[in-house]
Structure formats: C-alpha cells, structure tokens
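S.K.: Here is a sequence together with a model predicted from it:
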Amino acid sequence: MEIAITKAASLKSKPEADRLGFGTLFTDHMFNMDYDPENGWHHPRIEPYDAIPMDPSTMVLHYGQGVFEGLKAYRTAEGNIQLFRPQENFKRLNNSCRLLCIPEFDETFMLAALKRLLEIEKDWVPNAPETSLYIRPTIIAMDPFLGVRASHTYRYFIILSPVGAYYPEGFNPIKILVTREHVRAVRGGVGEAKTLGNYAASLLAGDKAHQAGYTQVLWLDGVELKYVEEVGSMNIFFVIGDELITPALNGSILPGITRDSVLDLGRKWGLKVSERLISIDEVVNAHEAGQLKEIFGSGTAAVISPVGELNYDGRILSVGDGNVGPLSQKLYKAITEIQYGTAEDAMGWVEHI
Ligand SMILES: *Cc1c(COP(=O)(O)O)cnc(C)c1O
C-alpha cells in the first residue's frame, strides 16, 4: 500500500529538550488509516496532526472498543534514531485487536508506516539525556451506532509526543500500596490487552493510593486476592534470596516488552529467573526472613521503577536497605544503554530508522 503524504503548511516550534514533561506536546504530523468491511485496512496517509471528527454516537465513545500501544524513539549520541523491539508492540497490538474483536492489520506494513512517519518527524526526537519521542499507535471503533456489537469501521492512528526524562531528580525508590479493595483485571477478561477500559478501571485505586501518600497500587489477582499481578501500569519483579521472580502470564497480566527484556537479560546473566505464581504472603514471609532484596516495576515509560516500600493492610514492608538495589540499577543501565545506542545491541533488539 502506498502511503499518501500531506505536509503541514507551517511547523510548530520545538520545545527545549531539557524542559519536557509527558504527553502534552504533539508533533506536526500523524499517521492515519481506515478500516471498513469492503476495503479492509486502506487509505494509509501521513498528514498534519489534527482532530478526528466524530459523531457523538461513535462506538468507541460508548463502549470503549479501542486498543493502543506505547513505545519510544531514541536519539543516539551520533544523532541517529532508533526503536526498541517495535515488532513486539505491533504483535501485541494485533493480540489486543483479537481480544477486542477489532480486525487485525499487517504488522510489517505498520512498522514501515511508523518508520516513514518518524523520518518526517525526526527533528522532534529530543537529544537531552534520557529524553525520547513517545509513540502512541491507537485503533478505535468508528461506527455511529448505539447498539452493542463490534463496530464495522475503525480508525488507526499514530501520534508522537516528545517526553522528558522519567527520573529528573534521579533514580529513587517509590512507595506502593497493596490494594485488596480493587482489582485491575480478572481471569477470562481483557487484562492482557492494552485496551481503554483497563485504564479507566484503574483510576479510582490509583487516586486512593495517591491520597494515602503512595505512588502506585500493587494489584492482586481478581479471584483470590492472593497472588501478585502488576504494579500500577507496570509489570512487577521481586528478588527473593537469589531468585528473580515475576508473575507468570496468565491472561490477566499485560505481557510487557520490558518485562520480557528483563527476563532475557536475567537469563543471559545466569540469574535464577522464575515466571511463576507469587503470593503476597510469600513476599511478607520473605521480608520477615530478611530475604526480600529488591522489588521493581518494568515498563516502557520508566524502564525500571525501584520499589522501596510496600504497605499491605497497614503493615509497612521496607525493601532491601532503602536504596536502589544492585539488580534494578544494573537492568536500568543495561536496557537504557541499548536503547540509546551507547552499548552494543547484543540481543538484536534495536531497529534503526
Ligand atoms: C504497557 C503496560 C505494561 C508494560 O509494558 P511495556 O511493553 O514494558 O511497556 C505493563 N502493564 C500494563 C497494564 C501496561 O499497560
């Protein structure tokens, strides 16, 4: 498919790279493509960033039939631009599509389209340390219809947003509230999809955690409230004794690409790595036995987010010695060095633009 290109008549001024936040500024152009049953996915185009006109009855607004991805473009010291495992994002987006009854797309074409967009917007990839260009591919149901069924028409779009360093004040452990009042997802639901409703459903628990002075919630499984699932919108890891543990993918956990990268590096480094059930009681017992060495979250935004404290039913578990643990530090360094091209890409994770 040929990608039609319409350039913006005037370009926005670029923000200063050392004063970027997250998700407030958007670049000059976006990618758009449509789906209908007669034409399939068609009319791919890059055009000026603009509103998407929609009828008030548009299905995504009512029933949340929509999916998205989040990845980043990084600028290397030489000024080149690169992506980190982008094929995995498009594979996961197609998996989210299947779970939400959205027609799948050609992953190879989508990556090519993203690269084309990034070539046009390359000057928007910031160059200050730890900054990047956040990429948000999204698919939404477009039928103007109030009946409950899968939409017949869809819009796929990609928008780009320059983002600042996640740790402007340095890499410090966060405090987490274990919630037994709310669950993120349940077995048989759509927890493993990056779909709109999962995020709406997490807001109240997040608000309560913030009010109590915590950065995020730790989610337990939705059936027994016993097994650890995720932390906020990150995957979670524990170092107990000499074992690196993350909950096994069970359908309600989002299969993070950073999670997968941590597992690969852990195995490569010869660590004892486990994907298995881990109960909150096991974490409490490990803490009591002095074996709870590290806890960290993993995700594209923060890469690694060290956890310094858990509050479980009013009981405070402090992790390690209160500083960022050595494995958290080592993983953060290893992954970011690959992303920014300062270390050799021995895992074959980098895609050059
Ligand atoms: C996106 C996401 C993650 C992390 O996935 P990455 O691919 O590592 O960015 C984890 N949990 C949830 C709920 C997410 O939405």
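M.R.: Good, I have the coordinates.
S.K.: Residue numbers of the stretch 101-250 of the chain in contact with the ligand?
M.R.: Proximity of the stretch 101-250 of the chain to the ligand is confined to 194, 230, 233-235 under the rule Cβ under 6 Å from any ligand atom. Quick note: C-beta positions are derived from backbone N, CA and C, even for glycine.
S.K.: check contacts around the nearest residue to L20 once chain neighbours are set aside.
M.R.: When the adjacent residues along the chain are set aside, L20 lies closest to G164, with 3.4 Å between them (Cβ to Cβ, 6 or more residues apart in numbering). G164 makes contact with 18-22, 126, 128, 130-131, according to Cβ atoms under 8 Å, 6 or more residues apart in numbering.
S.K.: Would you mind giving the residues you listed as a markdown table with pLDDT added?
M.R.: What follows is the contacts of G164, written out as a markdown table (pLDDT from 0 to 100):
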| residue | pLDDT |
| --- | --- |
| D18 | 80 |
| R19 | 84 |
| L20 | 91 |
| G21 | 88 |
| F22 | 90 |
| P126 | 96 |
| A128 | 91 |
| E130 | 92 |
| T131 | 95 |
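S.K.: can you tell me which of the residues you listed lies nearest to K7?
M.R.: Set against K7, the nearest of the contacts of G164 by Cβ to Cβ is P126 (21.5 Å).
S.K.: shouldn't the closest one be in contact with L25?
M.R.: No. Assessed by Cβ atoms under 8 Å, P126 is found out of contact with L25, at 10.4 Å.
S.K.: Common neighbours of those two, please.
M.R.: By Cβ under 8 Å, 6+ apart, P126 and L25 have these common neighbours: 15, 162.
S.K.: And those two? Which one has more around it.
M.R.: P126 (23 against 16; other Cβ atoms under 10 Å).
S.K.: quick one, what contacts that one?
M.R.: The contact partners of P126, by Cβ under 8 Å, 6+ apart, come to 15, 17, 20, 75, 132-133, 162-164.
S.K.: Assumed it was part of a strand.
M.R.: No. Secondary structure of P126 (DSSP: H, G, I helix; E, B strand; the rest coil): coil, not part of a strand.
S.K.: phi, psi of it?
M.R.: The main-chain torsion angles of P126 are listed as degrees, to the nearest 10 and equal phi -70, psi 160.
S.K.: now the helices: where do they sit in the protein?
M.R.: Listed from the start of the chain, the chain has helices (DSSP state H) covering 59-63, 86-99, 107-120, 196-200, 203-211, 257-268, 280-288, 326-339.
S.K.: Could I get those in JSON lines, plus columns for mean neighbour count and mean pLDDT?
M.R.: Putting the helices of the chain into JSON lines (neighbours: other Cβ atoms under 10 Å; pLDDT from 0 to 100) gives the following:
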{"stretch": "helix 59-63", "mean neighbour count": "18", "mean pLDDT": "98"}
{"stretch": "helix 86-99", "mean neighbour count": "19", "mean pLDDT": "98"}
{"stretch": "helix 107-120", "mean neighbour count": "18", "mean pLDDT": "98"}
{"stretch": "helix 196-200", "mean neighbour count": "16", "mean pLDDT": "96"}
{"stretch": "helix 203-211", "mean neighbour count": "15", "mean pLDDT": "96"}
{"stretch": "helix 257-268", "mean neighbour count": "19", "mean pLDDT": "98"}
{"stretch": "helix 280-288", "mean neighbour count": "17", "mean pLDDT": "97"}
{"stretch": "helix 326-339", "mean neighbour count": "19", "mean pLDDT": "98"}
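S.K.: Of all these, which one is nearest R315?
M.R.: Taking Cβ to Cβ, helix 280-288 is the member of the helices of the chain nearest to R315, at 7.6 Å.
S.K.: Enumerate every residue touching L271.
M.R.: 242, 244, 327.
S.K.: likewise R136?
M.R.: Going by Cβ under 8 Å, 6+ apart, the list of residues near R136 reads 68-70, 158-161.
S.K.: let's see 10 Å
M.R.: Taking Cβ atoms under 10 Å, 6 or more residues apart in numbering as the definition of contact, the neighbours of R136 are 23, 26, 30, 68-71, 157-161.
S.K.: For those residues, give me TSV that also has neighbour count.
M.R.: As requested, the contacts of R136 are exported to TSV (neighbours: other Cβ atoms under 10 Å):
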residue	neighbour count
G23	13
F26	16
M30	20
F68	19
E69	23
G70	16
L71	21
F157	17
I158	21
I159	18
L160	26
S161	19
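S.K.: Counting only strands, which of these make the cut?
M.R.: With strands identified by DSSP state E, the entries of those that belong to them are 30, 68, 71, 157-161.
S.K.: Reformat the residues you listed as JSON lines; add distance to V148 and pLDDT.
M.R.: Compiled in JSON lines, the ones in strands among the contacts of R136 are given as follows (distance: Cβ to Cβ, whole Å; pLDDT from 0 to 100):
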{"residue": "M30", "distance to V148": "30", "pLDDT": "98"}
{"residue": "F68", "distance to V148": "21", "pLDDT": "98"}
{"residue": "L71", "distance to V148": "32", "pLDDT": "98"}
{"residue": "F157", "distance to V148": "24", "pLDDT": "98"}
{"residue": "I158", "distance to V148": "28", "pLDDT": "98"}
{"residue": "I159", "distance to V148": "28", "pLDDT": "98"}
{"residue": "L160", "distance to V148": "33", "pLDDT": "98"}
{"residue": "S161", "distance to V148": "33", "pLDDT": "98"}
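S.K.: which parts of the stretch 251-353 of the chain sit against the ligand?
M.R.: 254, 256-259, 298-300.
S.K.: what's the burial count for the residue in the stretch 101-250 of the chain positioned nearest to the ligand?
M.R.: For the stretch 101-250 of the chain and the ligand, the shortest gap (Cβ to the nearest ligand atom) falls at S233, measuring 4.0 Å. For S233, the tally of surrounding residues (other Cβ under 10 Å) stands at 20.
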